[in-house]
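Novice: Sequence and predicted structure below; questions after.
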Amino acid sequence: MILSLLFERPAALAVGCAGVEFVLIWFWLRRRSAATVRGVWIGAAASVALVAMSMAVVTPRERITAVCRELGRAVDEGDMDAVSARIASDFSAEELDREELLRRVTLALTRVRVDQVRLQRLEIEVLDEKRAAATFDASCNVRTAEGFAGALPSRWKLAFRRERERWVVTRIESIPTPPLQIKRVGDWLR
């Protein structure tokens, strides 16, 4: 919790630092001593340093969140090169290997237009230095040649592996979500 606040949520950290600074200023206004003035200045400097450090440090959880959002944007834009760059060479999902997944995604994106991809409720679990998992809700608008087909909600679980400094997807699972209740990745790509 503390590490999450310090390194993954700079806005919340800034609010907390501002609260501490207001308390220090309140003490200074009440006592007007040299020690309280030093406290205000030290608190301000520490707050700036903490927020700057929080913004500079990128944790594995933040990197994986960024990869999930990058994949969502790539699907929204139909950028198969970006999708391909994030899929591991040994990817597997039920009956799909890497090549079959990319072929079927490309085919699906030629038949339908996916717009306004939104990821919500991202839950990132870092298992160790090389493995992690992300579970999230995704929603998008789907358009076909006939017109607007509707909003499409889904829930996904992705397994990640760290290769050098990059996180790549090694497995994708579809979590059944109302109203469609689709259980297999291959069924999404028909």
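Specialist: Now that the structure is in, tell me what you want to look at. Numbers count the residues shown, from 1 in each chain.
Novice: Residue 153 pairs with what?
Specialist: On the basis of DSSP bridges, residue 153 is bridged to residue 139.
Novice: tell me the pLDDT at it?
Specialist: Per-residue confidence (pLDDT) for residue 153: 88.
Novice: Over to residue 12?
Specialist: For residue 12, pLDDT reads 79.
Novice: before we move on, what about residue 130?
Specialist: 92.
Novice: Likewise for the one 4 residues further on?
Specialist: With respect to pLDDT, residue 134 scores 95.
Novice: got it, and residue 167?
Specialist: So residue 167 comes in at 94 (pLDDT).
Novice: residue contacts, it?
Specialist: By C-beta atoms under 8 Å, 6 or more residues apart in numbering, the contact list for residue 167 reads 60, 63, 64, 67, 86, 132, 160, 161. Every residue, glycine included, has its C-beta placed from N, CA and C.
Novice: Strands - which of those residues land there?
Specialist: 132, 160, 161 (DSSP state E).
Novice: any idea which of those has the most stuff around it?
Specialist: residue 160 (27 neighbours; other C-beta atoms under 10 Å).
Novice: which residues does residue 148 form a beta bridge with?
Specialist: residue 143.
Novice: What distance do you get for it to residue 188?
Specialist: 19 Å (C-beta to C-beta, to the nearest Å).
Novice: cool, residue 58 as well?
Specialist: 31 Å.
Novice: swap in residue 123?
Specialist: On the measure of C-beta to C-beta, residue 123 and residue 188 end up 20 Å apart.
Novice: picking that back up, in terms of neighbours, single out the busier of residue 58 and residue 188.
Specialist: residue 188 (17 against 11).
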